[in-house]
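Novice: Pasted the sequence and its predicted model underneath.
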Amino acid sequence: MPFAWPHLTLAVLLAAAISGVPPADAAQQTSRIPGWLQKHVGTAEGQIAPVVLQRARALYERKRRQGKVRNPCYLAKDATRPSTARNGKPGRRFYVICEQRKFFRAVSSGYGNGRKLKRANFSNGRQCARNFSNAEGSKLTAGGAYVTAETRTSFKGYHRQSGKRRAFHRTFLLFDGEGDTANARERAIGGHPAVFLKWQCRFKNPKSPHADKDGYVPYGKLVNYTGGRSNGCTTWSPSESREILSLVEGNPTTLYIYPEGRDINAVANAVRKRTSLANAGLYWNASCLKAIGTPKFWPKRKLQPIINEWRRSLPKRPPLELPICK
């Protein structure tokens, strides 16, 4: 569903973002959570877990004090939540928060699907994520601190819409990370609409600016995977993507993704020792923890050599040549 911005319009939000009007003073932000935001804090559908909000606010405050961001809103994501809610709709695990304007919105988002290799199986199911990593090529989510960067829009091919062949372009929002997420650009990690063009054939269209040297362009079918898995990027529905991208275009803000490696290892240890997460001061979505058993973090230093070896073992194949459309 499209964003329904309560109390204010998107135009007002964008105007504030452009003007750089700061939200509440940092000293107030680090104090207790404002009353209006309290009702959105929790583990129920549409709420944000306390630890996720706490870290997202702390990251935003730090980057704002450093002068890295001026956007009145910040972002957060809880990758421990399920892909599908109890009502059958995409589960909401991505958050847009604008404290000065008393705005909170929870939307769906994808997580990394991983890979299944001979030396290591780090693939994730469709409903809950068990595996996480910051290794390049892992196709997994890496929790931690990010700042949104520039956007890049690229041509993906043609598809049929309203009876006509139309060009499909997808905008990609780059993330800059730090610490374990510092290789976000190397991994091509960012945010984009949960839509891709599944190529089927190619057709002659020499007038297209996207035509190859022989005058052909790819043609395919649009596939929407809102709320599902991704190659490690953060994905949103097409309508929600437009709102989020507009909010941060040219005006970066922070994004905190939970869980980090330390959280995953701590929860895994608690599960093995049969220790209550609540008693240990830890958090993981209860339904997903029951489904996955024990979460696992694959650090880059351990997983990268496995991925590199697998890549070297792949046979060399000629470039893909699509058949000509009938």
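Specialist: Thanks, I have it. Because the structure is predicted, anything quoted here is derived from the model rather than measured. Numbers count the residues shown, from 1 in each chain.
Novice: Name the residues that touch stretch 256-270?
Specialist: 49, 51-52, 55-56, 59-60, 74-80, 132, 134, 141-146, 180-181, 234, 275-277, 280, 282-284, 289, 294-297, 299 (Cβ atoms under 8 Å, 6 or more residues apart in numbering). Any C-beta I mention is one placed from the backbone N, CA and C, and that applies to glycine too.
Novice: Which residues in it does the neighbour count mark as buried?
Specialist: When burial is assessed from 16 or more other Cβ atoms under 10 Å, stretch 256-270 yields the following buried residues: 256-261, 263-264, 266-268, 270.
Novice: quick one on the thing from earlier: what subset of the contacts of stretch 256-270 is buried?
Specialist: Buried members of the contacts of stretch 256-270, counted by 16+ other Cβ under 10 Å: 49, 52, 55-56, 59-60, 74-80, 132, 134, 141-146, 180-181, 234, 282-284, 289, 295, 297.
Novice: Generate TSV for the buried residues of stretch 256-270, with secondary structure as supplementary columns.
Specialist: Listed next are the buried residues of stretch 256-270 as TSV, based on DSSP: H, G, I helix; E, B strand; the rest coil:
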residue	secondary structure
256	strand
257	strand
258	strand
259	coil
260	coil
261	helix
263	helix
264	helix
266	helix
267	helix
268	helix
270	helix
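Novice: Throw these into CSV and include pLDDT and distance to residue 171, thanks.
Specialist: Formatted as CSV, the buried residues of stretch 256-270 follow (pLDDT from 0 to 100; distance: Cβ to Cβ, whole Å):
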residue, pLDDT, distance to residue 171
256, 98, 22
257, 98, 20
258, 98, 25
259, 98, 27
260, 98, 27
261, 97, 30
263, 98, 31
264, 98, 30
266, 98, 36
267, 98, 34
268, 98, 36
270, 97, 40
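Novice: that older thread, please flag which of the buried ones among the contacts of stretch 256-270 sit within helices.
Specialist: The helices, defined by DSSP state H, take in 52, 55-56, 59-60, 289 from the buried ones among the contacts of stretch 256-270.
Novice: Throw the residues you listed into TSV and include pLDDT, thanks.
Specialist: Putting those into TSV (pLDDT from 0 to 100) gives the following:
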residue	pLDDT
52	98
55	98
56	98
59	97
60	97
289	98
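Novice: which residue packs closest to the most centrally placed residue in the chain, ignoring adjacent ones?
Specialist: Against the mean C-alpha coordinate of the chain, by Cα atoms, centre = their mean, the closest residue is residue 234 at 1.5 Å. Once flanking residues are discounted, residue 234 sits nearest to residue 191: 4.3 Å by Cβ to Cβ, 6 or more residues apart in numbering.
Novice: And for residue 186?
Specialist: Closest to residue 186 by Cβ to Cβ, 6+ apart is residue 136, at 5.5 Å.
Novice: ok so, going back, what about the buried ones among the contacts of stretch 256-270, which are in strands?
Specialist: 74-78, 132, 144-146, 234, 297 (DSSP state E).
Novice: Show the residue spans covered by the strands in the stretch 151-300 of the chain.
Specialist: Applying DSSP state E, counting those that start in this stretch to the stretch 151-300 of the chain gives strands spanning 164-177, 190-193, 195-204, 216-224, 229-230, 234-236, 254-258, 296-298.
Novice: before we move on, back to that, before we go further, the residue nearest to residue 186 is sitting in a strand, right?
Specialist: No. With three-state DSSP as the criterion, residue 136 is assigned coil and is not in a strand.
Novice: ok, it to residue 46 distance?
Specialist: According to Cβ to Cβ, to the nearest Å, residue 136 stands 34 Å off from residue 46.
Novice: excluding its backbone neighbours, what's nearest residue 311?
Specialist: Here the residue nearest residue 311, using Cβ to Cβ, 6+ apart, is residue 137, at 7.1 Å.
Novice: list the buried ones in stretch 79-97?
Specialist: Neighbour-count burial for stretch 79-97 [16+ other Cβ under 10 Å]: 79-83, 85, 90-97.
Novice: Measure how buried residue 40 is and give me the count.
Specialist: 17 (other Cβ atoms under 10 Å).
Novice: Pull up the gap between it and residue 194, please.
Specialist: When Cβ to Cβ is applied, the distance between residue 40 and residue 194 equals 23 Å.
Novice: now residue 96
Specialist: Residue 96 is 16 Å from residue 194, by Cβ to Cβ.
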